[in-house]
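[1] let me see the structure of the following:
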Amino acid sequence: GDKVQEEAPRVGLEEYVGAVRRLERECRVAAVVVATDSEAALSELRGALAPLDVLAVPGEVRNSAVAFSLFASTHQVNVTSYAHDALRNLLLLQRTDMFIGTFSSNFGRLAY
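    Below you'll find the model as predicted:
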């Protein structure tokens, strides 16, 4: 998450995969929406969750694992890009039946 270095402990990929697999057993799940700026995490999730369809906003770049406060303090934030990516994530989220996330994420709190 974007606050890992500042506010919240990292949630391991295996915890997300486990949560998705539990829901998959209990419900009919065909696709998962992932909000991330990490292509590596997205690729790993796609492999771990196959054959489920893993959807994400393509090419999303937020903070590349650098604390957001550093970007804000150095004025390197492209607010328009952030807003567009957030809206695209919300549009994807609208197509889902379930949500798995963390409350350390602003997107997770909004989705909940």
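[2] could you use CA atoms for every contact and neighbour count after this?
    Will do.
[3] which strands and helices sit next to the host helix or strand of A19?
    A19 is located in helix 13-26, with elements delineated by DSSP states H and E. Helix 13-26 sits against helix 39-49, with contacts defined as 3 or more Cα pairs under 8 Å, 6 or more residues apart in numbering; DSSP states H and E.
[4] pull the residues that contact the helix it packs on.
    By Cα atoms under 8 Å, 6 or more residues apart in numbering, the surrounding residues in contact with helix 39-49 are L13, V17, R21, V34, T36, L52, D53, V54.
[5] what is the burial count for L55?
    16 (other Cα atoms under 10 Å).
[6] leaving out sequence neighbours, find the closest residue to it.
    What sits nearest to L55 in space, not counting adjacent residues and going by Cα to Cα, 6 or more residues apart in numbering, is V33, at 4.6 Å.
[7] contacting residues for the one you found?
    V54, L55, A56, L92, L93, T96.
[8] could you rerun that using 6 Å?
    Applying Cα atoms under 6 Å, 6 or more residues apart in numbering to V33 gives the contacts V54, L55, A56.
[9] and the helices in this structure, which stretches?
    For the chain, applying DSSP state H gives helices covering 13-26, 39-49, 68-74, 79-94, 106-111.
[10] could you dump these to TSV with distance to I100, mean neighbour count and mean pLDDT?
    What follows is the helices of the chain, written out as TSV (distance: least, Cα to Cα, whole Å; neighbours: other Cα atoms under 10 Å; pLDDT from 0 to 100):
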stretch	distance to I100	mean neighbour count	mean pLDDT
helix 13-26	7	13	91
helix 39-49	14	15	91
helix 68-74	22	13	61
helix 79-94	11	15	84
helix 106-111	8	13	80
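[11] what about those, which gets the closest to E60?
    helix 79-94 (6.5 Å; Cα to Cα).
[12] CA atoms only: put the closest one into PDB for me.
    What follows is helix 79-94, C-alpha atoms only, in PDB (Å, rounded to 0.1, in the frame of the first residue of the first chain):
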ATOM      1  CA  VAL A  79      -3.100  15.500  -9.100                       C
ATOM      2  CA  THR A  80      -4.800  15.200 -12.400                       C
ATOM      3  CA  SER A  81      -3.300  11.700 -13.100                       C
ATOM      4  CA  TYR A  82      -4.100  10.600  -9.500                       C
ATOM      5  CA  ALA A  83      -7.700  11.700 -10.000                       C
ATOM      6  CA  HIS A  84      -8.100   9.900 -13.400                       C
ATOM      7  CA  ASP A  85      -6.600   6.700 -12.000                       C
ATOM      8  CA  ALA A  86      -8.900   6.900  -8.900                       C
ATOM      9  CA  LEU A  87     -12.000   7.300 -11.100                       C
ATOM     10  CA  ARG A  88     -10.900   4.500 -13.300                       C
ATOM     11  CA  ASN A  89     -10.400   2.300 -10.300                       C
ATOM     12  CA  LEU A  90     -13.900   3.300  -9.000                       C
ATOM     13  CA  LEU A  91     -15.400   2.400 -12.300                       C
ATOM     14  CA  LEU A  92     -13.800  -1.000 -12.200                       C
ATOM     15  CA  LEU A  93     -14.900  -1.500  -8.600                       C
ATOM     16  CA  GLN A  94     -18.500  -0.700  -9.600                       C
END
